[in-house]
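**Student:** this is a predicted model, with the sequence first.
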Amino acid sequence: MAVDSIPEVCPELGIEVPVSAIDGELRKLWEQDEARTNASLMNLVVFSEKEGALIENSHIVRDLTREHACRAILVEIDSTVDPSLRAWITAHCHLADGRKSVCCEQIAFHLTGRVTGRFRNTVFSHLNSDLPLIFWWQGELSPILTERLVSVMDRFIVDSSSWKNPAASFAMIEECSRLNKDLVIQDHAWTRSWQFRVGIASLFDDPSAQDALPEINSVEISYHPDHRNTALQVLTWLAVQAGWKDVAPGEPTAFESASGLRISVKLTADSAGPPLTSLVIRGKGTTVSVSQKAGASHVERHIETAGYKATSLSPVDPTTPAELLGVQLSRGGKNSLYQKILPRFRAMLEA
């Protein structure tokens, strides 16, 4: 990528400024209009090595700040050309009560060349030290993810569906958790399955389904090929929560229930469907399922036993990175259930 891939004048990113002048130029922004209020509840760093990511992510942050006040720091890196560093500042403003503009600061950096030290120092020096750091890493993990960087994060957001080698990348995630015991890991792949997991859990509140729980003998999951990690995470969640044992360690084709019953597993790729198309669980004459058709605006929950049927609907899960990020920021929490399934999920990936 050429150093001048971002135009000299780029309204999407705001005003280009020398890095040394960022703080002073930000103060000038607020002095220009006393009707604007600077609002910030967190530092949000968005990191990408994809060409054009700065402008794309500026649009995402503009919409995100309607609901989530933050100081946003956008970083795009290209390590294939000579070293350089450019910076821009802007503010995303939204009317509050129709009168006063509530604004969030955005600082954007475009770094080229070898950047490990420069990147870390550039980000650290522009964080609001009084606020938590939410770090959204887009794409493949890399050596830029250093111990020092991990040590200052409060929440680390990734999308494991985009990784070419999930097993190796999750080994890095485990190391991140070891280095920072309080770090909260959030994965877009896990968030994409929220309505499916809630649907299954609610269906098993039905007494008919509860009776069949010890007699489950098969699980079928249909998923889009790009989202196999989501399917495996749902499968792992079922096994962990139900107390199923692996028939063969790390092999996701069969489990054994607490009562010793063998549970067969069928995973089917569906390139025409959404990330998850269906999850079907059978046992003791009972079928429990959650499904979503391509383009549908709802998820269908269904339970069927001898002489009894019930169906209900729920919203679909978000799919775009911006929607997924918004949901993750809204829910907060420690994401302890995801941490709970990770060891078993990693074993599946490494099998």
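**Tutor:** Yes, it's here. This structure is a prediction, so every number in the text was calculated from the model and none was measured.
**Student:** can you map out the helices along the stretch 201-350 of the chain?
**Tutor:** For the stretch 201-350 of the chain, the helices defined by DSSP state H, counting those that start in this stretch occupy 207-212, 228-242, 321-331, 336-350.
**Student:** quick one: closest of those to residue 138.
**Tutor:** Residue 138 sits nearest to helix 321-331 of all the helices of the stretch 201-350 of the chain, at 7.4 Å, using C-beta to C-beta. All C-beta atoms are positioned from the backbone trio N, CA, C, and that covers glycine.
**Student:** residues of the closest one that come out buried?
**Tutor:** Within helix 321-331, the residues scored as buried using 16 or more other C-beta atoms under 10 Å are 321, 322, 323, 324, 325, 326, 327, 328, 329.
**Student:** and that helix, how far out from the chain middle?
**Tutor:** Here helix 321-331 shows a centroid-to-chain-centroid distance of 7 Å under the convention C-alpha atoms, centre = their mean, to the nearest Å.
**Student:** and residue 17, which of the helices of the stretch 201-350 of the chain is closest to it?
**Tutor:** Proximity to residue 17 (C-beta to C-beta) singles out helix 321-331 among the helices of the stretch 201-350 of the chain, at 26.2 Å.
**Student:** quick check: mean pLDDT of the closest one?
**Tutor:** Averaged across helix 321-331, pLDDT comes to 93.
**Student:** so residue 101, which of the three states?
**Tutor:** Here residue 101 is strand, with the state taken from DSSP: H, G, I helix; E, B strand; the rest coil.
**Student:** hang on, the earlier thing: any chance of the helices of the stretch 201-350 of the chain in CSV, with distance to residue 171 too?
**Tutor:** Shown next, in CSV, are the helices of the stretch 201-350 of the chain (distance: least, C-beta to C-beta, whole Å):
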stretch, distance to residue 171
helix 207-212, 37
helix 228-242, 14
helix 321-331, 23
helix 336-350, 8
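**Student:** nearest to residue 287, out of those?
**Tutor:** For residue 287, the closest of these is helix 207-212, at 8.9 Å, according to C-beta to C-beta.
**Student:** give me the residues contacting that closest one.
**Tutor:** Residues outside helix 207-212 that contact it (C-beta atoms under 8 Å, 6 or more residues apart in numbering) are 203, 204, 283, 284, 285, 286, 288, 303, 305, 308.
**Student:** enumerate every residue touching the fourth one.
**Tutor:** In this case it means residue 284. 211, 212, 215, 216.
**Student:** the residues you listed, buried ones only, as a ChimeraX selection?
**Tutor:** ChimeraX command restricting the contacts of residue 284 to the buried ones, with burial defined by 16+ other C-beta under 10 Å:
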select :212,216
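**Student:** could you dump the contacts of residue 284 to a markdown table with pLDDT and distance to residue 341?
**Tutor:** Shown next, in a markdown table, are the contacts of residue 284 (pLDDT from 0 to 100; distance: C-beta to C-beta, whole Å):
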| residue | pLDDT | distance to residue 341 |
| --- | --- | --- |
| 211 | 86 | 26 |
| 212 | 86 | 23 |
| 215 | 92 | 23 |
| 216 | 94 | 18 |
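**Student:** distance from the least confident helix or strand in the chain by mean pLDDT to the middle of the chain?
**Tutor:** Sorting the helices and strands of the chain by mean pLDDT, DSSP states H and E puts strand 36-38 at the bottom, at a mean of 76. For strand 36-38, the separation from the chain centroid amounts to 29 Å (computed by C-alpha atoms, centre = their mean).
**Student:** low-scoring stretches of the stretch 101-250 of the chain, by residue?
**Tutor:** Applying pLDDT under 70 to the stretch 101-250 of the chain flags residues 249-250.
**Student:** was I right about residue 55 contacting residue 10?
**Tutor:** Yes - the criterion here is C-beta atoms under 8 Å, and residue 55 meets it with residue 10 at 7.2 Å.
**Student:** which of the contacts of helix 207-212 tops the neighbour count?
**Tutor:** Each of the contacts of helix 207-212 was scored for neighbours by other C-beta atoms under 10 Å, and residue 288 scores highest at 24 neighbours.
**Student:** residues contacting it?
**Tutor:** By C-beta under 8 Å, 6+ apart, the neighbours of residue 288 are 200, 203, 204, 209, 212, 280, 281, 282, 302, 303.
**Student:** what's the domain layout of the chain?
**Tutor:** Listed by automatic domain parsing, the domain ranges of the chain are 3-187, 193-317.
**Student:** just how off-centre is the last one within its chain?
**Tutor:** Which is domain 193-317. Its chain's C-alpha centre and that of domain 193-317 lie 22 Å apart, by C-alpha atoms, centre = their mean.
**Student:** from start to finish, how long is it in a straight line?
**Tutor:** End-to-end distance of domain 193-317 (C-alpha to C-alpha, to the nearest Å): 7 Å.
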